[in-house]
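K.L.:
Predicted coordinates and the sequence they were generated for:
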Amino acid sequence: MIYIGEHALPKEEIIQHFSRSIELVNSTYCEINVYGLLLVYDSYFVHILEGSEDTIHRHLRFLFRRETNWKAKRSNLDQPINVDSETEFLNIIMADNTETEDVPERIMFRRLKLVMIYHSIRTLLFTKWRAVTARPPSLIGKLDLFGTLQDHLEQLRIFLNKLTKICAFAKADENLSFEGLKVVDPKMEALPEVALIDFLLQSPHILPLRETAALHRQVEDFKFYFEEVWPLPTQFTPRFLYKLKIDDSFVEPLPVMPWEVVKKEGDDEERDEREEHTDSSSD
C-alpha cells in the first residue's frame, strides 16, 4: 500500500507517531509484520507499506486512533484552569482578551489520499520499517489540476516511477539518507516534488484514505438487476404474454427450447392416437 498526506507537525514528532503505530501492530499477533519506508518532508509525507491486509488496516486503525487521542489531549491543554476563586475575575479578563486571538490549529493530518494497493506480492522489498527525512527539489512548470484523466494518470505514473527508484535505493543501502544531496545526485532526482504530491492530494481521481479504510470488512447490501425486475427472467415465465423491454427497445420473446419442441410433438401424437381411438369405437 502507498498513501500520501499533508501533516501539520514537526518531522520528528510525526515520525514518532508512525513508528509507534507500526510497533503496536508488529508487537501483537500477526502472520506478516508490517515493513516499509516513510519519506517525510516539512509538510508532506509518503508512506510505503508491505504486509498482510489485516496488519495494514490494523496500522491505519491504530494511527487514526492515535490521532484522535492526540487531538483530545491537545484540546484539554488549551482549556484554562481555575486555581481558586480569587483568580476567577482575572481569568475572565484574560479570556476576554484572548477571544480575538487565533486559536492554534490542533490537527495532525490535513489531507490523506490512497495512491495504490497491490495484492499478491511474491517478493517483499523491505525487511524492516524505517523513516527518512528529505528536502525535495522544486518542480519546474505547473500542473493543471483541471486537466483530463490521462494527464492525472501521467503524473501518477511519474510519481510511482520515482518511488520505484527510492525503493531500489532503500533495498541497496540499509542506512539510506537524503541529507546533504547535490542537485545532480540520482537520489535527488528520485524524490517526488512537493508540487507533485500536492497535485495528487487535490486530484479528484484519487480516493481519500479514510473512506477506503472505512470500507474494510464491510459488506454492503447490494441488489442485483434480476432482483429488481418483474416478471423474473426464468424459463417458467410465459413467453407469449409479454415482450421484454430493454433500453427503450422491444425484444421478441425467447426462442422455443429443444425440450419444449419434443414435448409438443409428444402431445400431438397422443392427441392423434386419442382421436383415432374415439373414431374406431364410434364405428
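P.N.:
Perfect, thanks for sending it.

K.L.:
hmm, who's touching the strand or helix carrying Phe45?
P.N.:
Using DSSP states H and E, the element containing Phe45 is strand 44-50. Strand 44-50 has contacts (CB atoms under 8 Å, 6 or more residues apart in numbering) with 1-7, 14, 18, 34-39, 56, 59, 121, 124-126, 163, 166-167, 192, 194, 197-198. Yep, even glycine has a C-beta here, placed from its N, CA and C like the rest.

K.L.:
secondary structure element for the residue nearest in space to the middle of the chain?
P.N.:
Centroid-nearest residue in the chain: Thr212, 3.5 Å away (criterion: CA atoms, centre = their mean). Per DSSP H and E: Thr212 is located in helix 209-214.

K.L.:
List the buried residues in that helix.
P.N.:
Residues of helix 209-214 classed as buried by neighbour count (16 or more other CB atoms under 10 Å): Leu209, Thr212, Ala213.

K.L.:
In terms of helix, strand or coil, where does the residue nearest to the second one when sequence neighbours are not counted fall?
P.N.:
This means Thr212. Counting by CB to CB, 6 or more residues apart in numbering, Leu114 is the residue found nearest to Thr212 once chain neighbours are left out, at 5.0 Å. Three-state assignment for Leu114 (DSSP: H, G, I helix; E, B strand; the rest coil): strand.

K.L.:
What distance do you get for Leu114 to Thr28?
P.N.:
23 Å (CB to CB, to the nearest Å).

K.L.:
ok, the two, which is more surrounded?
P.N.:
Shown here are Leu114 and Thr28; by other CB atoms under 10 Å, Leu114 has more neighbours (19 against 10).

K.L.:
so what's the more buried one up against?
P.N.:
Met1, Ile2, Tyr3, Ile206, Leu207, Pro208, Leu209, Thr212.

K.L.:
In PyMOL, select just the buried ones from those residues.
P.N.:
Restricted to buried positions by 16+ other CB under 10 Å, the PyMOL selection for the contacts of Leu114 reads:
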select buried, resi 1+2+3+206+209+212
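
K.L.:
What lies in contact with stretch 130-145?
P.N.:
11, 15, 18-19, 37-42, 151, 155, 170, 176-179, 181, 183, 188-189, 191-196, 199, 202-203.

K.L.:
distance of the residue nearest to His7 when sequence neighbours are not counted from Pro137?
P.N.:
Spatially, and ignoring its direct neighbours in sequence, His7 is nearest to Ile14 (4.9 Å; CB to CB, 6+ apart). Applying CB to CB, the value for Ile14 to Pro137 is 21 Å.

K.L.:
Low-confidence ranges, the stretch 1-150 of the chain, go.
P.N.:
78-105 (pLDDT under 70).

K.L.:
Look up phi and psi at Tyr35.
P.N.:
phi -130, psi 160 (degrees, to the nearest 10).

K.L.:
Who are the contact partners of the residue nearest to His7?
P.N.:
Contact analysis of Ile14 by CB under 8 Å, 6+ apart lists His7, Val40, Phe45, Met108.

K.L.:
go on, Glu193?
P.N.:
Pro136, Pro137, Ser138, Leu139.

K.L.:
Ok, Val40 next?
P.N.:
Contacts for Val40 (CB under 8 Å, 6+ apart) come out as Lys11, Ile14, Ile15, Ala131, Val132, Thr133, Ala134.

K.L.:
Show the contacting residues for the third one.
P.N.:
So that's Ile15. Residues near Ile15 by CB under 8 Å, 6+ apart: Leu38, Val40, Ala131, Thr133.

K.L.:
Greatest separation within these: which pair is it?
P.N.:
Across these, the longest distance by CB to CB is 9.3 Å; it joins Leu38 and Thr133.

K.L.:
on that earlier part again, please indicate which of the contacts of Val40 are buried?
P.N.:
Lys11, Ile14, Ile15, Ala131, Val132, Thr133, Ala134.

K.L.:
The second one belongs to a helix?
P.N.:
Yes - using three-state DSSP, the assignment for Ile14 is a helix.

K.L.:
that older thread, out of the contacts of Ile14, which comes closest to Glu67?
P.N.:
Distance to Glu67 across the contacts of Ile14 (CB to CB) is lowest for Met108, with 4.7 Å.

K.L.:
rewinding a little: partners of the strand holding Phe45 in the sheet?
P.N.:
As defined by DSSP bridges, the strand partners of strand 44-50 come to strand 2-7 (antiparallel), strand 35-40 (antiparallel).
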